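In: here's a sequence, model it:
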Amino acid sequence: MENNFKDNGNHKELVKTFEYQLKNNSLGYLPLESFEDIIDFYLEKNQYKSALKACNIAIDRFPFSTELKLDKAQILSNLGHYEKALELLDAAEIIQPNDVEILMLRGLIYSLMGESQNAVDTYQKALDFSENKDEIYFNIGMSFQTSGDYKDAIENYKKALEFNVNNENVLYELAYCLDVTGELQGSIEFYNKFIDRDPYSQYGWYNLGIVFNKLGKYQDAIDAYEYAIAIDDSFASAYFNLGNTYISVDNYPKALDAYKKTIEIEGNSAETSVCLGNTYEKMEHYDLAIKYYQKAIKLDSFNDEAWFGVGVCLNSQDKWYESIHFLNKALKLDPENPEYWIAVAETEYKLGNIVSSIDAWEEACVLEPSNKDIWLKWSQIFYEQGDFEKAIEIIFRGIEEMPENSELYYRSTAYLIAAGRYKEAFNYLENALILNFENHTVLLEFFPKLQTQKALFKIIDQYRKENF
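Out: Numbering: from 1, shown residues only. Below you'll find the predicted structure:
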């Protein structure tokens, strides 16, 4: 019977044979190693219930296996059965006290339960028995980070780097915590210290690049990523981030090269295809942009950015009917994105679907009330329809949300003039001029008739002479 389970490295066939014999109640002898392969297969597929079933059968046959108890505890924690998982670890610890794997899994479960201090205490106990101290300190840092204690998280991430300066996960999380606490600028010296210790640390240079990028020091970021790539020319993440930084400085050809190199190293991905599409879009090469966005959709049909990208490119080509399908798909995938609602609102208006456009603007303003363009464009629909009172109502709502925005006051002046409410119009014009005198050109541009412009300019010029 054992020969039936020979998988020669093909775990899929092993599992298929296991499931067949289990179904027919003909399961014979199976080595511990094969059970572990079957359990690993299920775990990789996130088939936790099947993994648990296999694990229970294995434990019945190998009751003293600590590895199987650890596997079962891991599966139970994945299923959210934390207390049962801890009970299993208690049993495993009796057999193998102070086992690092047991302590690490126990700490992880405490973290998942929200018991950060218990997790930290467990990990600290593991420090006495583990050679990989950077991983222990990393987990301690993650426990503090999960509970919002970024200061202690930073301290432990730094301890982890003292043992392994090239621990990529530590460097990444450290950069995140430094960003959250506003300590990025001060961290440059810290990273430079580690690079001085090991100038050939590609991860050190890479994370220094991340810090520079977040600080807006793009050329320094580019240099740091280039150093990381010089050390390891197969460092895909460095190429990818290099591409993002080149986008920030509008160097699109260089960004394309970096993204294509990323694909060359690690294969195509939806994320990188979206970045390529976005770059070609910025270069106004819309057909190429659509090509890469569609590649991203094939790789991941739930990638809302790819659907949105196609819609935006079609809009740029005045293909409104084709565009709305892609924009609505992006919106369905991420209905909380105000940018998507804005694009749908503008496209529906272009199609002559006024009611649908108004509904979309309403949703957009709920999600992003601090965006002046939403109030300006939404109200203008009613203005163009001749419904001046509704246009005034909406722009007043915008002023309530953004009382310091001069453009909203200038626009309210225009609508009030159109409605014949001149006294109110001049009051709002005065407020607009107080907030930002130089911005009065937006009002003049709103009225193309020279006669109206002259009348307004006289009022504005009089205000200038009296106040400046």
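In: can we go C-alpha only for contacts and neighbour counts from here?
Out: OK.
In: run through the chain and note the low-pLDDT ranges.
Out: Per-residue confidence for the chain (pLDDT under 70) gives these ranges: 1-10, 468.
In: show me the domain layout of it.
Out: 1-97, 370-468 (automatic domain parsing).
In: please produce JSON lines containing those, extended by distance to N251 and mean neighbour count.
Out: Output for these, formatted as JSON lines (distance: least, Cα to Cα, whole Å; neighbours: other Cα atoms under 10 Å):
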{"stretch": "domain 1-97", "distance to N251": "40", "mean neighbour count": "16"}
{"stretch": "domain 370-468", "distance to N251": "28", "mean neighbour count": "17"}
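In: so for I188, which of these sits nearest?
Out: Proximity to I188 (Cα to Cα) singles out domain 370-468 among these, at 33.8 Å.
In: starting at the chain centroid, how far to the closest one?
Out: Here domain 370-468 is found 38 Å from its chain centre; the criterion is Cα atoms, centre = their mean, to the nearest Å.
In: now do stretch 311-321
Out: Centroid separation for stretch 311-321 versus its chain: 26 Å, with Cα atoms, centre = their mean.
In: measure that stretch end to end?
Out: Across stretch 311-321, the terminal residues are separated by 10 Å (Cα to Cα, to the nearest Å).
In: in that stretch, what's buried?
Out: Under the neighbour-count criterion of 16 or more other Cα atoms under 10 Å, stretch 311-321 has 311-315, 319-320 buried.
In: closest to H285 among those residues?
Out: Of those, the one sitting nearest to H285 (Cα to Cα) turns out to be C313, at 9.0 Å.
In: ok, the closest one touching A289?
Out: Yes - between C313 and A289 there is a contact under Cα atoms under 8 Å: 7.4 Å.
In: which one of the domains of the chain lies closest to S234?
Out: For the domains of the chain, the distance to S234 is smallest for domain 1-97, at 26.1 Å, taking Cα to Cα.
In: from the chain's centre, how far out does whichever strand or helix holds I75 sit?
Out: Element membership for I75 (DSSP states H and E) is helix 66-78. Chain-centre distance of helix 66-78: 31 Å, with Cα atoms, centre = their mean.
In: same question for stretch 366-380.
Out: The answer for stretch 366-380 is 25 Å, by Cα atoms, centre = their mean.
In: any chance of a markdown table for the domains of the chain, columns distance to V211?
Out: Shown next, in a markdown table, are these (distance: least, Cα to Cα, whole Å):
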| stretch | distance to V211 |
| --- | --- |
| domain 1-97 | 34 |
| domain 370-468 | 29 |
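In: how many neighbouring residues does Y110 have?
Out: Using other Cα atoms under 10 Å, Y110 has 22 other residues around it.
In: now the one 3 residues further on
Out: The number of residues packed near M113 is 16, by other Cα under 10 Å.
In: excluding chain neighbours, what is closest to it?
Out: Distances taken as Cα to Cα, 6 or more residues apart in numbering place Y82 nearest to M113, at 7.3 Å, with adjacent residues excluded.
In: before we move on, the earlier item: Q219 is nearest to which of the domains of the chain?
Out: domain 370-468 (30.7 Å).
In: returning to what we had before: from L105, how far out is the residue nearest to M113?
Out: For Y82 relative to L105 (Cα to Cα), the value is 11 Å.
In: with I38 instead?
Out: From I38 over to L105 the distance is 20 Å, taken as Cα to Cα.
In: contacting residues around F388?
Out: 382, 415-416, 418-419 (Cα atoms under 8 Å, 6 or more residues apart in numbering).
In: who's in contact with the biggest helix by length in the chain?
Out: Looking across the chain with DSSP state H, the single longest helix is helix 450-467. The contact list for helix 450-467, computed with Cα under 8 Å, 6+ apart, reads 433, 440, 444, 447.
In: alpha carbons of it, as CSV, please.
Out: In CSV, the C-alpha atoms belonging to helix 450-467 read as follows (Å, rounded to 0.1, in the frame of the first residue of the first chain):
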residue,chain,number,x,y,z
LEU,A,450,-17.1,91.9,-22.4
GLN,A,451,-19.8,94.2,-21.0
THR,A,452,-20.3,92.0,-17.9
GLN,A,453,-16.5,91.7,-17.5
LYS,A,454,-16.1,95.4,-17.6
ALA,A,455,-18.8,95.9,-14.9
LEU,A,456,-17.2,93.3,-12.6
PHE,A,457,-13.8,94.7,-13.2
LYS,A,458,-14.9,98.2,-12.1
ILE,A,459,-16.1,96.7,-8.8
ILE,A,460,-12.9,94.6,-8.3
ASP,A,461,-10.7,97.6,-9.2
GLN,A,462,-12.5,99.8,-6.7
TYR,A,463,-12.0,97.2,-4.0
ARG,A,464,-8.3,97.0,-4.9
LYS,A,465,-7.9,100.8,-4.6
GLU,A,466,-9.6,100.9,-1.2
ASN,A,467,-7.7,98.0,0.3
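In: one step back: so what's in contact with C313 and A289 at the same time?
Out: Common neighbours of C313 and A289, counting by Cα under 8 Å, 6+ apart, are E281.
In: name the residues of the stretch of helix or strand L171 belongs to that are buried.
Out: Here L171, judged by DSSP H and E, is contained in helix 168-180. Residues of helix 168-180 classed as buried: 168, 170-179 (neighbour count, 16+ other Cα under 10 Å).
In: and which of these is nearest E101?
Out: Taking Cα to Cα as the measure, E101 lies nearest V170 of the buried residues of helix 168-180, at 19.5 Å.
In: how far away is that closest one from V310?
Out: Taking Cα to Cα, one finds V170 at 37 Å from V310.
In: try L288
Out: To V310, L288 is 10 Å away according to Cα to Cα.
In: again with T279
Out: Distance of T279 to V310, computed by Cα to Cα: 13 Å.
In: more neighbours, those two?
Out: Neighbours per residue (other Cα under 10 Å) separate T279 from V310, with V310 holding more: 31 against 27.
In: next, the contact list for the more buried one, please.
Out: So V310 contacts 289-290, 293-294, 323, 326-327 (Cα under 8 Å, 6+ apart).
In: can you redo these as TSV with neighbour count and secondary structure?
Out: What follows is the contacts of V310, written out as TSV (neighbours: other Cα atoms under 10 Å; DSSP: H, G, I helix; E, B strand; the rest coil):
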residue	neighbour count	secondary structure
A289	26	helix
I290	25	helix
Y293	31	helix
Q294	21	helix
S323	25	helix
F326	21	helix
L327	27	helix
